[in-house]
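In: Here you go, sequence then predicted model.
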Amino acid sequence: MSHPLSYFQALYVINLPSRADRRRDMDRQLAALGLGLDHPAVRLFPAIRPGAPAGFPSIGARGCFLSHLTVLREARERRLPRLAILEDDLNFAPDCGQRLPALVDSLAAADWTVFYGGHRIDEPLGEPAPGGLLAIPSQTAVHTTHFIALNGPVAIAACVAHLEAILARRPGDPRGGPMHVDGAYTWFRRAHPDAATLLAVPELGYQRSSRTDVHDLRWFDRLPVAREAVAWLRQWRNA
């Protein structure tokens, strides 16, 4: 019997090679669902760490954008019917395993383009359908990309083209210049209003508390003694 997450055909886990801590945590998260980084459906993608922001809000923001774009390009070349992208700071919800089968069945029966298994939205959400899915308008901004999926080779190729156009523009371009990748996905959805967006409600996963690779480090993540103390507190919080 196949795992419910195998519906996505490929699960890409984006992880900086230097972040062995996140890699271990992600392996544990997947193992709790009966998977792991060594599962045939899981592909560990070495995240890109560029040398300069090049118009993006930070080096990390550019690296995250390029990592997502490279994964999508690979999916396009493989002509995957669909894929899910997981970032290495993802924690699955405690009841994720129980909710997954019904939610994936609902997803398989739906017409969708973008699916968020985790999300942050700055407006009230409605009630989900019995399977745990909620459709949102294309104009609604969705923050974070710790669990995002795309459906269909045409949609994947269109998203690649959209992100490549953003990458080629100057910062502040009214058509959308270099930005955080969650914003880029929102701009893609707004440019394709017929592309249905579905959310898992409640979320299947949330962002684990850990030292950021995207934003500038805070003082307590730069000082060795403070960093160790904060790391312990984060482990306690994520437990």
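Out: Okay, I see it. Numbers count the residues shown, from 1 in each chain.
In: what's the longest helix along the chain packed up against?
Out: In terms of residue count, the longest helix belonging to the chain (DSSP state H) is helix 59-78. Applying 3 or more C-beta pairs under 8 Å, 6 or more residues apart in numbering; DSSP states H and E, one finds that helix 59-78 makes contact with strand 11-15, strand 42-46, strand 82-87, helix 153-168, helix 181-191. In short, each C-beta sits where N, CA and C put it, glycine included.
In: Quick check: next helix or strand after the last one?
Out: In other words, helix 181-191. strand 197-200 (DSSP states H and E).
In: Report the rounded mean pLDDT for that next one.
Out: For strand 197-200, mean pLDDT rounds to 98.
In: which residues touch the very next helix or strand once past that strand?
Out: Next helix or strand after strand 197-200 toward the C-terminus (DSSP H and E): strand 205-207. The contact list for strand 205-207 (C-beta atoms under 8 Å, 6 or more residues apart in numbering) reads 29, 86-87, 89-93, 96, 117-118, 144, 146-147.
In: Next, count neighbours for the closest residue to G126 other than its chain neighbours.
Out: Take G126 and drop its neighbours on the chain: the residue closest to it by C-beta to C-beta, 6 or more residues apart in numbering is L134, 6.1 Å away. Look at L134: counted by other C-beta atoms under 10 Å, it has 16 neighbours.
In: give the contact list for the closest residue to F56 other than its chain neighbours.
Out: In this structure, F56 finds its nearest non-sequential neighbour in R62, 3.7 Å apart by C-beta to C-beta, 6+ apart. For R62, the contacting residues are 50, 52-56, 178, by C-beta under 8 Å, 6+ apart.
In: let's see 10 Å
Out: R62 makes contact with 48-56, 167, 178-181, 214, according to C-beta atoms under 10 Å, 6 or more residues apart in numbering.
In: tell me which element the residue nearest to G126 is part of?
Out: strand 133-136.
In: Following element in sequence after that strand, please.
Out: Next element after strand 133-136 (DSSP H and E): strand 147-151.
In: between that following strand and helix 153-168, how big is the angle?
Out: With axes from the mean of the first three to the mean of the last three C-alpha atoms, to 10 degrees defining the directions, strand 147-151 sits at 120 degrees from helix 153-168.
In: Show the secondary-structure elements that the strand holding L134 is packed against.
Out: Under the contact criterion of 3 or more C-beta pairs under 10 Å, 6 or more residues apart in numbering; DSSP states H and E, strand 133-136 touches helix 96-109, strand 114-116, strand 197-200.
In: Turn these into a markdown table, columns for mean neighbour count and distance to P174.
Out: As requested, those are exported to a markdown table (neighbours: other C-beta atoms under 10 Å; distance: least, C-beta to C-beta, whole Å):
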| stretch | mean neighbour count | distance to P174 |
| --- | --- | --- |
| helix 96-109 | 16 | 35 |
| strand 114-116 | 25 | 23 |
| strand 197-200 | 24 | 23 |
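In: Save the ones you listed as JSON lines, and put in distance to L37 too.
Out: Formatted as JSON lines, the helices and strands packed on strand 133-136 follow (distance: least, C-beta to C-beta, whole Å):
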{"stretch": "helix 96-109", "distance to L37": "17"}
{"stretch": "strand 114-116", "distance to L37": "22"}
{"stretch": "strand 197-200", "distance to L37": "22"}
